[in-house]
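[1] The following block contains a protein sequence and its predicted model.
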Amino acid sequence: MPKQIRLNAFDMNCVGHIQHGMWTHPRDRAMDYTSLAYWQHLARTAERGLFDGIFLADIVGVYDVYKNGPETAIAGGVQIPVNDPMLLVPAMAAVTTHVGFGVTSNLTYEPPYLFARRASTLDHLTGGRFGWNIVTGYLDSAARGMGLPVQHDHDTRYELAEEYMQVVYKLWEGSWEDDAVRRDRAGGVYADPAKVHRVQHEGTHYRLDAIHLSEPSPQRTPVLYQAGSSARGREFAATHAECVFINGMDEANIRETVTDLRRRTAARGRDPRDLLVFLSRTTVVGRTAKEAREKYEEYHRHANVEAALAHFSSSSGIDFSRYEMDEPFRYEKTNAMNSAVDAITRQASTPWTKRRLIEQMGLGSRNAPIVGSGDEVAEALIRLVDETDIDGYNLSRTVSPESLEDFVALVVPALQERGAFKHGYEDGPLRQKLFGAPRLPASHPAAGYRPVTAVQRTAAE
């Protein structure tokens, strides 16, 4: 029996997300990103296709490494302009029932006290369908926007993240006991003060003395997503994450990453099955292989390579405009995504050059799409799962909403016919659907911050 594949629609509250230049296609509607109707249609489509979630990326700052300025990114709509993804969630939740929402929020610039309330609010409003993609940022432009000369170095950002998690766990899991809210109209007591606790934290980066402002939401702690692939990022994922997003085209490297993540998770005393690994992929689907290839060629004519280079330059911290077409990339210690730099330098089996990078940018990104009929794409996705042990895919858009509509109409039925995809949603919150329980398991570090109740104290005695 094939593994049941998990699917997220990968998007961003902007014109140009991953496949740069697609917004210039005449059928693309990404310029409607400021309209709620655009996002509600996306949500309805994803739910019709039984997607597990809509994953909304975000970036704070602008891509200004390429050619030492933001001009290329601004002209090409490379994740600029970009709006707040959090504000989309209630609107999409209002027209759906089951699909989840994983949303990126940069903890470096957001006080944990306020973020914890926002996350709890969204978990309430969605009926327990909210997830948080934990990021620390990688752009100096973001730091300057927040009044700092440069961002914190890579490892310091993860040290800050570790303490940030302690604080939000205390707020989400420890401030309100499960039965604190009584809603006693006759007695005039909404919540029992004896079961609502102050959270006190004295750390290196954060100090807190407060009660969590929100009553317990369906999941308490939102489903936790993370995308760091460096050694430090993998350690963080093994400790905290429930869903991890990875990139890469080389199947051997993908499998090594998945194996390493599961090994590290087990070493933390967690069940490796409590970690789902999603691979970033893009598809171009047609009713026939010929139609798919024609569609790809049509899309390809709108790809913006310069925009893609601007994106990758800021992601890696390397200005690729400094390289000649056939000059091998050299390892540079940067303060951006260390794993991205390693992938094209020290870990590369053959040298990467700008020409090689551009040749792979078929649709304005550095990952080549899977192109074919619904059956062919389904077979390719199933084979990748079998070969690499991933659990599913983050499917980034090309021409929107056409690419998602095509996938739902042509690939989802093919996956279902092969027993590799569900035929309906289970009931319950997002974590229930993904892992079988609405709350984090006792093996997760957040569980250690749950208060000891009177019943538990009595049982212990």
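    Looks like it came in fine.

[2] contacts, neighbours, all on C-alpha from now
    Noted.

[3] Can you list the low-confidence ranges for the stretch 301-450 of the chain?
    Along the stretch 301-450 of the chain, segments meeting pLDDT under 70 span 336, 338-339.

[4] Helices of that one, start to end?
    Along the stretch 301-450 of the chain, the stretches classed as helices by DSSP state H, counting those that start in this stretch are 305-316, 338-344, 354-360, 374-388, 402-406, 412-417, 430-435.

[5] among those helices, which is nearest residue 191?
    Distance to residue 191, taken as Cα to Cα, is lowest for helix 430-435 among those, at 26.1 Å.

[6] in that closest one, what's buried?
    Within helix 430-435, the residues scored as buried using 16 or more other Cα atoms under 10 Å are 430-435.

[7] then it to CSV, C-alphas only?
    What follows is helix 430-435 as a C-alpha-only set of coordinates in CSV (Å, rounded to 0.1, in the frame of the first residue of the first chain):
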residue,chain,number,x,y,z
LEU,A,430,-5.3,20.4,11.9
ARG,A,431,-3.0,18.5,14.2
GLN,A,432,-5.7,15.8,14.6
LYS,A,433,-5.8,15.4,10.9
LEU,A,434,-2.1,15.2,10.6
PHE,A,435,-1.1,13.2,13.7
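
[8] helices or strands up against it?
    Contact here means 3 or more Cα pairs under 8 Å, 6 or more residues apart in numbering; DSSP states H and E; on that basis helix 430-435 packs against no helix or strand.

[9] ok, residue 171 touching residue 197?
    No - taking contacts as Cα atoms under 8 Å, residue 171 lies outside contact range of residue 197: 9.3 Å.

[10] Name the residues contacting each of the two.
    Counting by Cα atoms under 8 Å, 6 or more residues apart in numbering, the common neighbours of residue 171 and residue 197 are residue 211.

[11] who has more neighbours, these two?
    residue 171 (30 against 18; other Cα atoms under 10 Å).

[12] Is the more buried one in a helix, a strand, or coil?
    helix (DSSP: H, G, I helix; E, B strand; the rest coil).

[13] Relative to residue 135, how far out is it?
    19 Å (Cα to Cα, to the nearest Å).

[14] Check residue 83 too.
    As for residue 83, its distance to residue 135 is 17 Å (criterion: Cα to Cα).

[15] In contact with residue 152, which residues?
    Counting by Cα under 8 Å, 6+ apart, residue 152 has no contacts.

[16] so what's it scoring on pLDDT?
    According to the prediction, residue 152 has pLDDT 83.

[17] mind listing the strands for the stretch 151-300 of the chain?
    181-184, 189-191, 199-202, 207-210, 223-226, 243-246, 276-281, 283-286 (DSSP state E, counting those that start in this stretch).

[18] want to try a markdown table for these, with distance to residue 41, mean neighbour count and mean pLDDT as columns?
    What follows is those, written out as a markdown table (distance: least, Cα to Cα, whole Å; neighbours: other Cα atoms under 10 Å; pLDDT from 0 to 100):
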| stretch | distance to residue 41 | mean neighbour count | mean pLDDT |
| --- | --- | --- | --- |
| strand 181-184 | 36 | 13 | 98 |
| strand 189-191 | 38 | 13 | 98 |
| strand 199-202 | 41 | 14 | 97 |
| strand 207-210 | 40 | 12 | 98 |
| strand 223-226 | 24 | 24 | 98 |
| strand 243-246 | 25 | 21 | 96 |
| strand 276-281 | 22 | 23 | 97 |
| strand 283-286 | 20 | 27 | 98 |
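
[19] if we compare these, which one ends up closest to residue 442?
    strand 223-226 (14.8 Å).

[20] What lies in contact with that closest one?
    Under Cα under 8 Å, 6+ apart, the answer for strand 223-226 is 102, 130-135, 237, 240-245, 430-431.

[21] what's the closest of those to residue 163?
    Among the contacts of strand 223-226, and counting by Cα to Cα, the member closest to residue 163 is residue 240, at 11.8 Å.

[22] where does that closest one land on pLDDT?
    For residue 240, pLDDT reads 98.

[23] please begin residue numbering at 145 from this point
    OK, 145 is where the count begins now, so the last one is residue 384.

[24] Correct me if wrong: it contacts residue 591.
    No - look at residue 384 against residue 591 with Cα under 8 Å: they stay out of range, at 11.2 Å.

[25] which of the two has more neighbours?
    residue 384 (22 against 17).

[26] I'd like the distance between that one and residue 370.
    From residue 384 to residue 370 the distance is 9 Å (Cα to Cα).

[27] Same question for residue 243.
    Using Cα to Cα, which is the criterion applied here, residue 243 is 19 Å from residue 370.

[28] quick one: which of the contacts of strand 367-370 is nearest residue 176?
    residue 246 (21.1 Å).

[29] Can you list the helices and strands that the helix or strand hosting that closest one packs against?
    Element membership of residue 246, judged by DSSP states H and E, is strand 244-250. When contacts are defined as 3+ Cα pairs under 8 Å, 6+ apart, strand 244-250 sits against strand 197-201, strand 274-279.

[30] gap between the last one and the chain center?
    Here the centre of mass of C-alpha atoms in strand 274-279, compared against the chain's by Cα atoms, centre = their mean, to the nearest Å, lies 7 Å away.

[31] rewinding a little: can you tell me which of the buried residues of helix 574-579 is closest to residue 151?
    For these, the minimum distance to residue 151 (Cα to Cα) is 11.0 Å, reached by residue 578.
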